[in-house]
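S.K.: Fold the following.
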Amino acid sequence: MLCVYCAYTAQDPADHRAHMQKDHETFDVEVAFGHNGFKSNLKVDCTDLRCRVCSQTFDQLSDIATHLKETHEKLIYPGDLGLQLFKFEPGKWMCACCSEKFTCLRVLSMHTATHYRRLMCFVCAKTYSSEKTLDWHILKHHTNVIACDKCHAEFETKEERFEHLQASIRCRKYICPSCPERFRNSKEKKKHLETVHGRVKPVLSCTECSMEFKNQNRYSYHFIKEHTDRYACNVCGQKYDNPRRLAEHVATHTGSKVYECDVCHKRFGRKGSLRTHYMQHQEVKKWKCDVCDKQFNQKVSWRSHMSTKHQNGEDNPLSSV
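M.R.: This is a model prediction of the structure:
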């Protein structure tokens with residue numbers, strides 16, 4: 001789920017709302033409606049629509065857009081706003097157009113596309129929500145024109161487009177997450193965050209000699225070079241900056257699996273593999289085998305199980321599919 005103001009993304013609605021309250025409480029509405037540019041539709045939570053100028057509440061985005069222009073003279077981005085709206089209830093996602101409810105955002109996104117996407121590209125049959133986005137798709141993918149993907153300005157060479165992107169503030173892609181400022185490169189953005197918003201780079205201190213480093217790569221290089229004799233592999237001599245990484249490496253030689261899942265007791269040689277495996281236990285398993293009651297996260301896994309484990313059984317539900 002993409003923040004309508006900045007490039008922040010969140011998988012959970014609670015995280016999305018916490019981000020909005022923390023970073024965009026006093027954000028300029030003109031930036032919010034103008035940030036979309038010419039890209040595909042943004043997915044926007046409109047469960048609680050409220051004007052931040054006068055606190056009046058609204059049910060539809062079109063109503064609050066009209067209110068902002070007529071009452072507060074806020075000039076929102078012209079034309080199609082390019083937004084896919086949804087509402088949220090505990091455990092459910094609701095389509096803001098027809099009120100149909102879904103259990104996950106992905107399915108809701110597929111559904112809302114049926115409300116918004118009506119224009120089709122005559123070349124590749126892709127569909128878009130507005131003539132503006134369709135025109136940009138054709139310009140970018142089905143012509144030889146070199147254009148800016150923000151303002152549609154056309155150029156003879158890629159070098160000219162690059163110079164335009166560097167000079168045009170509106171078309172710069174590096175956006176401050178805390179204010180509307182845009183930058184030509186990541187270095188300028190980082191400097192702005194430090195000087196204006198007080199975001200100080202974290203300093204890493206060596207646990208052996210107290211030397212300080214600005215990034216993890218330099219610290220790891222120093223630690224391996226100066227202090228890792230005790231974290232060296234006895235088999236191949238490879239050095240590591242901590243005992244956990246050394247243990248994981250040694251496991252590749254011995255085949256030992258030191259990390260155990262506390263749910264199913266399956267063992268892994270790397271902590272990252274255990275973490276990835278554990279996520280499977282966190283998901284809701286909605287596909288259940290009617291023969292042996294085993295459950296699966298995905299339909300394709302369920303079908304594979306049925307065809308390999310119960311293909312000859314009389315109770316195999318796939319036999320009638």
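S.K.: residues of stretch 56-68 that come out buried?
M.R.: 58, 61, 64-65, 67-68 (16 or more other C-beta atoms under 10 Å). C-beta here means a position set from N, CA and C on the backbone, and glycine is covered the same way.
S.K.: And the strands in the stretch 201-321 of the chain, which stretches?
M.R.: 204-205, 212-213, 259-260, 267-268, 287-288, 295-296 (DSSP state E, counting those that start in this stretch).
S.K.: now the ones you listed in CSV, with mean neighbour count?
M.R.: As requested, the strands of the stretch 201-321 of the chain are exported to CSV (neighbours: other C-beta atoms under 10 Å):
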stretch, mean neighbour count
strand 204-205, 14
strand 212-213, 14
strand 259-260, 16
strand 267-268, 16
strand 287-288, 14
strand 295-296, 16
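S.K.: Using a markdown table, please lay out those strands together with mean pLDDT and distance to residue 121.
M.R.: Below are the strands of the stretch 201-321 of the chain laid out as a markdown table (pLDDT from 0 to 100; distance: least, C-beta to C-beta, whole Å):
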| stretch | mean pLDDT | distance to residue 121 |
| --- | --- | --- |
| strand 204-205 | 80 | 50 |
| strand 212-213 | 80 | 50 |
| strand 259-260 | 80 | 49 |
| strand 267-268 | 82 | 46 |
| strand 287-288 | 79 | 35 |
| strand 295-296 | 78 | 37 |
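S.K.: between those, which gets nearest to residue 184?
M.R.: For residue 184, the closest of the strands of the stretch 201-321 of the chain is strand 212-213, at 27.3 Å, according to C-beta to C-beta.
S.K.: Could you list the domains of this structure?
M.R.: As given by automatic domain parsing, the domain ranges for the chain are 1-111, 204-282, 287-313.
S.K.: re the thing from before, would JSON lines of the strands of the stretch 201-321 of the chain with distance to residue 243 be doable?
M.R.: What follows is the strands of the stretch 201-321 of the chain, written out as JSON lines (distance: least, C-beta to C-beta, whole Å):
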{"stretch": "strand 204-205", "distance to residue 243": "18"}
{"stretch": "strand 212-213", "distance to residue 243": "20"}
{"stretch": "strand 259-260", "distance to residue 243": "14"}
{"stretch": "strand 267-268", "distance to residue 243": "17"}
{"stretch": "strand 287-288", "distance to residue 243": "41"}
{"stretch": "strand 295-296", "distance to residue 243": "37"}
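S.K.: Looking at those strands, which is nearest to residue 100?
M.R.: Checking those against residue 100 by C-beta to C-beta gives strand 287-288 as the closest, at 22.2 Å.
S.K.: The closest one: partners in the sheet, and parallel or antiparallel?
M.R.: strand 295-296 (antiparallel) (DSSP bridges).
S.K.: so which of the strands of the stretch 201-321 of the chain comes closest to residue 146?
M.R.: Taking C-beta to C-beta, strand 212-213 is the member of the strands of the stretch 201-321 of the chain nearest to residue 146, at 41.7 Å.
S.K.: List the strands paired with that closest one, with their directions.
M.R.: strand 204-205 (antiparallel).
S.K.: Touching the partner strand from outside, list them.
M.R.: Residues from elsewhere that reach strand 204-205 (C-beta atoms under 8 Å, 6 or more residues apart in numbering): 211-216, 219.
S.K.: Which one of the residues you listed is nearest to residue 192?
M.R.: residue 214 (17.4 Å).
S.K.: Do I have it right that that closest one meets residue 222?
M.R.: No - with contacts counted by C-beta atoms under 8 Å, residue 214 stays clear of residue 222, the gap being 11.7 Å.
S.K.: Compare neighbour counts for these two and give me the winner.
M.R.: More neighbours surround residue 222 than the other of residue 214 and residue 222, with 18 against 11 (other C-beta atoms under 10 Å).
S.K.: thought that one was touching residue 213?
M.R.: Yes - contact criterion C-beta under 8 Å: residue 222 and residue 213 qualify, at 6.6 Å.
S.K.: what is in contact with the two at once?
M.R.: By C-beta under 8 Å, 6+ apart, the residues touching both residue 222 and residue 213 are residue 206.
S.K.: Return the backbone torsion pair for residue 55.
M.R.: When read as degrees, to the nearest 10, the backbone of residue 55 gives phi 70, psi 10.
S.K.: go on, the one 3 residues further on?
M.R.: Backbone dihedrals for residue 58, given as degrees, to the nearest 10, come out at phi -140, psi 160.
S.K.: Distance check, it against residue 139.
M.R.: 35 Å (C-beta to C-beta, to the nearest Å).
S.K.: Residue 153: neighbouring residues, count only.
M.R.: Residues near residue 153, counting by other C-beta under 10 Å, number 15.
S.K.: pretty sure it is in contact with residue 139, am I right?
M.R.: No - look at residue 153 against residue 139 with C-beta under 8 Å: they stay out of range, at 11.1 Å.
S.K.: Common neighbours of these two, please.
M.R.: With C-beta under 8 Å, 6+ apart as the test, residue 153 and residue 139 both reach residue 147.
S.K.: Let me know the secondary structure of residue 134.
M.R.: helix (DSSP: H, G, I helix; E, B strand; the rest coil).
S.K.: Done for today, thanks.
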